[in-house]
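S.K.: My questions concern the predicted model and sequence given below.
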Amino acid sequence: MISRSLIPLLGLLCWCVCASMAADTSSTYMIYKDPKQPMNNRIKDLLGRMTLEEKVGQMTQLDRAAVTPQIMKDYSIGSILSGGGSVPRVQATPQEWVDMVNSFQDGSLSSRLGIPMIYGIDAVHGHNNVYKATLFPHNIGLGATRDPELVKRIGVATAKEVRATGIQYAFAPCIAVCRDPRWGRCYESYSEDPSIVRAMTELIPGLQGDLPAGMSKGVPYVGGKDKVAACAKHFVGDGGTTKGINENNTIADWHQLLSIHMPAYYDSIIKGVSTIMVSYSSLNGVKMHTNRPLVTDFLKGKLRFRGFVISDWQGIDKITYPPHANYTLSVLEGIQAGIDMVMVPLNHTEFIDILTSLVKNNFIPMSRIDDAVTRILRVKFVMGLFENPMGDYGMVDQVGSQAHRDLAREAVRKSLVLLKNGDNADSPVLPLPKNVTRILVAGSHANNLGRQCGGWTITWKGLEGNNLTSGTTLLNAISNTVDPNTEIVYMENPDPAFVNASKFDYAIVAVGEEPYVETTGDNLNLTIPAPGPQTIQNVCGNAKCVVVLISGRPLVIEPYMSQMDALVAAWLPGSEGQGVADVLFGDYGFTGKLPRTWFKSVDQLPMNVGDAHYDPLFSFGFGLTTKAVNATA
């Protein structure tokens with residue numbers, strides 16, 4: 001029997017013990033927080049502590065415009081992205097980007113378990129959403145270089161610029177094999193040839209770092225604070241849709257799929273790619289966002305990919321038609337197919353509530369959720385996010401640095417493909433002399449940085465004009481290159497009588513496509529937009545002329561070939577137009593080779609090297625060469 005006098009003492013003792021236990025909760029040893037523990041132990045420990053709601057939160061990716069630090073904390077959101085053009089403010093500085101990302105990260109770290117978020121962005125030709133970042137040539141131009149080592153260096157530079165803004169994840173590279181240039185994303189593809197696309201997966205170790213010796217194949221790897229998680233996209237067959245219609249259906253048998261569209265994924269996985277994005281498109285009528293045999297059984301099973309699979313922007317919504325018509329069914333089919341992280345990206349409560357309900361009502365097993373979250377946590381642990389979650393200002397000078405601009409200029413030089421140089425080998429026009437009396441620069445693309453850079457530049461669709469970011473237009477590059485005493489006359493679309501009367505030594509005409517992205521770029525006729533053909537006729541009919549075609553793909557040019565003295569395919573060169581002038585004027589030679597077949601007529605499409613009906617204007621791999629000279633009159 002306990003004495004009455006001891007009861008208050010025991011009560012006090014009990015209170016002290018409870019208070020002590022409560023005080024120790026925050027300092028209790030947690031395996032997942034210990035960097036000395038093996039990664040798998042950390043993942044298992046953290047997963048075991050998570051509620052279903054926290055797991056579903058980790059599977060959710062929101063656009064920065066639809067999220068707050070409080071939402072990050074309350075819902076344990078796993079990831080944020082900047083969709084094309086989603087920025088802290090117009091012309092935001094790198095420091096402002098860091099501050100924004102860190103504010104969201106503060107929210108994540110203040111959640112119950114403090115799981116850091118990962119911030120993703122479409123850095124597809126450099127850190128292209130950021131003001132004054134270096135803009136490299138789009139992938140089609142890099143395919144023309146045939147230089148995987150150059151592409152790897154571009155990956156290194158891009159990773160530094162991305163991390164300089166506090167961001168840790170780039171939605172690149174696009175490893176689509178574009179089989180029809182009518183596709184609006186063809187410029188995001190390195191080539192029609194799978195072997196070139198495979199070679200260019202060197203962007204991945206550039207972005208992420210080289211795999212350490214002995215590391216297991218298929219496990220994601222990100223090697224330090226100046227590296228980013230990469231994303232191979234879009235799995236699989238997005239470049240093979242009928243007539244190049246974006247998000248449409250690719251018809252391919254198993255052999256065609258494995259020999260054309262799948263090989264670059266083998267290389268990406270072997271090189272430790274952290275994430276893979278699923279394509280909007282369908283394969284033989286089955287939407288890839290629902291294709292469990294390919295996403296789960298083949299990619300995760302057969303290929304042993306250990307990173308996480310992410311949807312495309314509202315890709316889950318597009319499982320039904322019209323989009324979002326049956327969102328519950330879409331979430332069910334997408335998650336069951338094997339998608340681990342969902343780019344929602346604007347309404348987190350709807351997605352989280354539906355997925356949570358599907359699990360609680362046994363439509364989706366907890367094992368599927370645990371697989372998804374394990375993969376997401378694996379990437380975060382590999383990246384060191386738990387130890388170094390915050391961005392800092394230490395790398396802000398990397399954004400648009402001279403070293404990176406010099407690299408982009410080198411890439412431009414190597415990407416140019418010379419298609420015509422005089423009427424025969426005895427009368428080459430290029431390289432051009434620098435110290436002539438008078439030259440004409442003409443065309444809609446000669447003094448337009450936005451058109452030179454194309455889509456995915458500052459905004460999603462790209463912009464017109466010269467005020468979008470910093471760079472060098474072709475006109476400025478020519479001015480920088482020719483003799484100071486040479487008179488340069490610039491007219492966008494000069495009158496033929498003026499050209500004829502002005503007695504120019506030669507003219508440089510830059511024409512091509514206006515910026516476009518995705519479906520807005522689908523084009524069944526592939527003609528040079530007006531007034532390009534008229535400008536070619538007005539100038540080239542009255543002066544010796546070099547035409548520089550700035551486009552995301554081959555266009556119809558056969559009707560104008562006889563009028564041109566020389567023709568250069570410059571693709572979408574990006575911010576460093578000086579690289580074009582470097583080669584036009586002979587400081588460097590032309591070395592680029594066509595990454596895709598140049599057709600005579602769109603009636604021939606699709607037409608790719610190796611086809612039985614192959615009858616191109618210029619064959620895959622074509623490209624005249626010149627030698628570097630000190631060009632003088």
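M.R.: Perfect, I can see it now.

S.K.: CA only for contacts and neighbour counts going forward, please
M.R.: Fine.

S.K.: Where does pLDDT dip in the protein?
M.R.: Within the chain, the stretches with pLDDT under 70 are 1-27, 425, 630-633.

S.K.: Try it again at 90.
M.R.: By pLDDT under 90, the weakly predicted segments of the chain are 1-27, 217, 423-427, 630-633.

S.K.: what residue is smack in the middle of it?
M.R.: By CA atoms, centre = their mean, the chain has its centre lying nearest to residue 124, at 2.5 Å.

S.K.: Return the residues in contact with it.
M.R.: Residues in contact with residue 124 (CA atoms under 8 Å, 6 or more residues apart in numbering) are 138, 170-174, 456.

S.K.: same check, this time on residue 175
M.R.: 189-190, 197-198, 201, 232-234, 264-265.

S.K.: Swap in 6 Å and give it another go.
M.R.: residue 233 (CA atoms under 6 Å, 6 or more residues apart in numbering).

S.K.: So what does it have for phi and psi?
M.R.: phi -110, psi 30 (degrees, to the nearest 10).

S.K.: Could you measure from it over to residue 620?
M.R.: For residue 175, the distance to residue 620 (CA to CA, to the nearest Å) stands at 18 Å.

S.K.: all strands of the stretch 101-250 of the chain, in order?
M.R.: 118-121, 169-170, 231-235, 249-250 (DSSP state E, counting those that start in this stretch).

S.K.: most packed of the ones you listed?
M.R.: strand 169-170 (a mean of 28; mean count of other CA atoms under 10 Å).

S.K.: contacting residues around that one?
M.R.: Against strand 169-170 from outside (CA under 6 Å, 6+ apart): 119-123, 228-230.

S.K.: Could you rerun that using 7 Å?
M.R.: 118-123, 228-231 (CA atoms under 7 Å, 6 or more residues apart in numbering).

S.K.: Stretch 549-557 now?
M.R.: With CA under 7 Å, 6+ apart as the criterion, stretch 549-557 contacts 181, 186-187, 452, 510-513, 526-528, 568-572, 598, 600-601.

S.K.: quick one: terminal-to-terminal distance for it?
M.R.: OK, stretch 549-557 end separation, CA to CA: 10 Å.

S.K.: Pull the distance from that stretch to the chain's centre.
M.R.: Relative to the mean C-alpha coordinate of its chain, stretch 549-557 is positioned 21 Å out (CA atoms, centre = their mean, to the nearest Å).

S.K.: what does stretch 609-622 give?
M.R.: Counting by CA atoms, centre = their mean, stretch 609-622 comes out at 28 Å from the chain centroid.

S.K.: Can you list the strands that the helix or strand hosting residue 507 pairs with?
M.R.: Residue 507 belongs to strand 506-512 when assigned by DSSP states H and E. Sheet partners assigned to strand 506-512 using DSSP bridges are listed as strand 438-442 (parallel), strand 545-550 (parallel).

S.K.: and that strand, C-alpha only, in CSV?
M.R.: Only the C-alpha atoms of strand 506-512 are listed here, as CSV (Å, rounded to 0.1, in the frame of the first residue of the first chain):
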residue,chain,number,x,y,z
TYR,A,506,28.2,40.4,-101.2
ALA,A,507,25.0,39.9,-99.1
ILE,A,508,24.2,37.8,-96.0
VAL,A,509,20.6,36.8,-95.8
ALA,A,510,19.3,35.3,-92.6
VAL,A,511,15.7,33.9,-92.7
GLY,A,512,13.9,31.0,-91.0
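
S.K.: Next secondary structure after that strand?
M.R.: helix 532-540.

S.K.: Of the strands of the stretch 101-250 of the chain, which is nearest residue 448?
M.R.: Of all those, strand 118-121 sits nearest to residue 448, with 25.3 Å by CA to CA.

S.K.: For that closest one, name the packing helices and strands.
M.R.: strand 79-82, strand 169-170 (3 or more CA pairs under 7 Å, 6 or more residues apart in numbering; DSSP states H and E).

S.K.: looking at those strands, which is closest to residue 257?
M.R.: So among the helices and strands packed on strand 118-121, strand 169-170 is nearest, using CA to CA, at 25.8 Å.

S.K.: So what's the gap between the closest one and the chain middle?
M.R.: Distance, centroid of strand 169-170 to centroid of chain: 9 Å (CA atoms, centre = their mean).

S.K.: Over to stretch 86-100?
M.R.: With CA atoms, centre = their mean, you get 19 Å for stretch 86-100.

S.K.: Give me the buried positions along that stretch.
M.R.: 86-88, 93-100 (16 or more other CA atoms under 10 Å).

S.K.: Pipe the residues you listed into TSV and attach secondary structure per row.
M.R.: What follows is those, written out as TSV (DSSP: H, G, I helix; E, B strand; the rest coil):
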residue	secondary structure
86	coil
87	coil
88	coil
93	coil
94	helix
95	helix
96	helix
97	helix
98	helix
99	helix
100	helix
